[in-house]
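K.L.:
Next input, structure requested:
(chains A and B)
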Amino acid sequence: MTDGAGEPAAEAGGKLNFIEKLVAEDNKTGRFDRRVHTRFPPEPNGFLHIGHAKSICLNFGLAAAHGGLCNLRFDDTNPTKEEEAYVESIKRDVRWLGFDWDDRLYFASDYFDQLYEWAEQLITAGKAYVCDLTPEQTREHRGTLTEPGRNSPFRDRAVAENLDLFRRMKAGEFPDGARTLRAKIDMASPNLNMRDPVMYRIMHASHHRTGDKWCIYPMYDFTHGQSDSLERITHSICTLEFENHRPLYDWYIEELGIYHPQQIEFARLSLTYAVMSKRKLLRLVEEKHVSGWDDPRMLTISGLRRRGYTPEAIRLFCDRIGVAKFNSTVDMGVLELSIRDDLNARAERRMAVLDPLKVVIENYPEGQSEQLEAVNNPGDEGAGVRSVPFSRELYIEREDFMEDPPKKFFRLAPGREVRLRYAYMVTCTDVVKNAAGEVVELRCTYDPETRGGSAPDGRKVKATLHWVSAPDAVAAEVRLYDHLFAVPNPDDVPDGGDFLANLNPHSLERVTGQLEPSLAAATPGEFFQFERLGYFTPDSVDSKPGRPVFNRTTTLRDTWAKVQKQGDA
RNA sequence: UGCCCGGUGGUGUAAUGGUAGCACGGGUGGCUCUGAACCACCUAGUCAAGGUUCGAAUCCUUGCUGGGCAACCA
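P.N.:
I've put the predicted structure just below:
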């Protein structure tokens, strides 16, 4: 475990969520010999996203908080959907988040032999039978939500026949779908999961780990609990949709007479302006609404990483949102606040102008330039200082000037004096426009007495602007990201509509920024605050040495934007 | 129309029969060489109705309401 990755919710002020309370209670009563052993059990059929991070932090965090262990176990019981590549990406993402499973990397497929034995055990005990019904017939016999099901005509086969048939299923004598092994429970159960659930199905498919050894594969329900049991898991934490499966989880374990972990369910994460289901993420990728699983607008772990999120920020977020059984939707602002909080403390400051407006300092000698000292991080003296060049021609942000400013606009305007950060106070003396009447250049004068940014006479200005020296500036592509969806709930669509209709057409805007020279050397993995703009990181895919492409991780909080909005309203 | 699980300010989350608190958001000020950060104050809530109790967010009943379940997916 790295730097506190597993500490219990520090921000929660010691308040425990309902799972932590259950675990604490079990520790008190000695139910599991005061052990805490959890597991994170992804299916290797897709990329991890922020919702998985919640589960990862919960499982690994719970174990760490109690001096316990957390396994990484791949739930790979369906060879037609799972791939080795996903295994690797999942391992990388969990590790990147700051968690370590040591040597406890497991696969449900490691247990196929044991599972098979257990299946024969249940057959022998008269608790399981081979069923010849087709998938359609099986469905018909299952009944509905309000009507009980009907027994399969094969339900009362003799043990010997069941054993023989099951062995022949394993031996590959039957085609896909021809037969199943089913648990003999209760076709009239109000819980559909208990209506003689399928334990094994025939699939002549090659498995990413077991190859062609098997042509029958166990179902999730006949695998998960026993895997937990084999690994001596104490608390098997999963999401709410498995609540109805818990009786079946318990049934298999009790009938098998093996060690019995406790399944606990919690609500999965939803975020505003985002979709989380694997199916929808897959569509975004396949239909090319994003550049891939690691598109910086995707809330996949790899997308967030590329966007500039840090593991610390994601863990902080997971602490803040809590854990409960209520299906809730967390405000995207909470995620953004988490990365701001982390980066505010750690990111070095730089100056960059994303929408340049040229400024000429008329009383600054032509051809002259000088180096000024700028602080790297006002909150961290250890971050040191750097030099930035200043000259007669500069760029400032276009929106930092208004020819006819409203009352609450503090920035540059004709005749007004502002400070250029770490440089001089300047006064706008003239506005140059093109034929279309657009402002193309500002003429200013500077006060040489204000070098460094403060005036000897003690006079104040209401605004400090960021700037870049024009002849020294480095041009770079900067990608400004916004929410992928334009509305808080993308699934809120009119009848027959589609969540894609809610895509935000402005989720990516590419601009050419003018950056202070030191930024030319920036490399992926570094993050910066561009002063007054936001947090930025070099893109890990498209940056070239000496020519970084920047991704905007998130903006700074923008009170001025709020004031403007109020003015509009 | 069956079964299971939920419902606390706008949002998320605490309070296990004893003062409804915290965070985010929103608002107002302060500070400031980032309209950032930081600081202070304010805002706003127990789904409803009965019942038990000296006392109910908490226990009981009923209703309302949200989610899940009818893959040989996980």
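K.L.:
Would you mind listing where chain A has pLDDT under the threshold?
P.N.:
Across chain A, the stretches falling below the confidence threshold (pLDDT under 70) are A:1-14, A:569.
K.L.:
Of all residues in it, which one is closest to RNA strand B?
P.N.:
When distances are taken as C-beta to the nearest atom of the strand, chain A reaches nearest to RNA strand B at A:G453, 1.9 Å away. For glycine as for every other residue, the C-beta is placed from the backbone atoms N, C-alpha and C.
K.L.:
Just give me the neighbour total for that residue.
P.N.:
Around A:G453 sit 16 other residues, with neighbours defined as other C-beta atoms under 10 Å.
K.L.:
before we move on, what about A:M351?
P.N.:
Here the neighbour count serves as a burial measure; for A:M351 (other C-beta under 10 Å) it reads 28.
K.L.:
And for A:F527?
P.N.:
Residues contacting A:F527 under the criterion other C-beta under 10 Å number 22.
K.L.:
in terms of contact, does it touch A:S540 like I think?
P.N.:
No - counting by C-beta atoms under 8 Å, no contact exists between A:F527 and A:S540, whose distance comes to 11.8 Å.
K.L.:
Can you report phi and psi for the spatially most central residue of chain A?
P.N.:
Taking C-alpha atoms, centre = their mean, the centroid of chain A lies closest to A:I50, which sits 2.7 Å from it. Torsion angles at A:I50 (phi, psi; degrees, to the nearest 10) stand at phi -60, psi -30.
K.L.:
Pretty sure it sits against A:V275.
P.N.:
No - if you go by C-beta under 8 Å, A:I50 and A:V275 don't touch, sitting 11.4 Å apart.
K.L.:
could you say what helices and strands the one helix or strand A:G513 maps to packs with?
P.N.:
Element membership of A:G513, judged by DSSP states H and E, is strand A:508-515. Using 3 or more C-beta pairs under 8 Å, 6 or more residues apart in numbering; DSSP states H and E as the contact definition, the elements that strand A:508-515 packs against are strand A:352-353, strand A:474-481.
K.L.:
Count the residues that sit near A:S291.
P.N.:
Neighbouring residues of A:S291 were enumerated by other C-beta under 10 Å; the total is 16.
K.L.:
how near is it to A:C444?
P.N.:
Computed with C-beta to C-beta, to the nearest Å, the distance linking A:S291 and A:C444 is 41 Å.
K.L.:
Could you look over the helices and strands packed on strand A:508-515 and pick the most buried one?
P.N.:
When you average the neighbours per residue for each of the helices and strands packed on strand A:508-515 (mean count of other C-beta atoms under 10 Å), strand A:352-353 leads with a mean of 26.
K.L.:
ok, then the element right after that one?
P.N.:
Following strand A:352-353 in sequence order, the next helix or strand is strand A:356-361 (DSSP H and E).
K.L.:
Could I have the CA atoms of that next one written out in CSV?
P.N.:
C-alpha atoms of strand A:356-361 as CSV (Å, rounded to 0.1, in the frame of the first residue of the first chain):
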residue,chain,number,x,y,z
PRO,A,356,-4.1,35.7,-27.1
LEU,A,357,-4.5,39.4,-27.5
LYS,A,358,-1.4,41.3,-28.3
VAL,A,359,-0.2,44.1,-26.1
VAL,A,360,2.6,46.6,-26.9
ILE,A,361,4.2,48.4,-24.0
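K.L.:
Name every strand pairing with it and say which way it goes.
P.N.:
Strands adjacent to strand A:356-361 in the sheet, as given by DSSP bridges, are strand A:393-397 (antiparallel), strand A:439-446 (parallel).
K.L.:
how much space between A:A205 and A:C131?
P.N.:
Computed with C-beta to C-beta, the distance linking A:A205 and A:C131 is 20 Å.
K.L.:
Neighbour count: the two, which is higher?
P.N.:
Each of A:A205 and A:C131 had its neighbours counted (other C-beta under 10 Å), and the higher figure belongs to A:C131 (23 against 15).
K.L.:
Tell me what that one is bridged to.
P.N.:
Note on A:C131: beta-bridge partners by DSSP bridges are A:T180.
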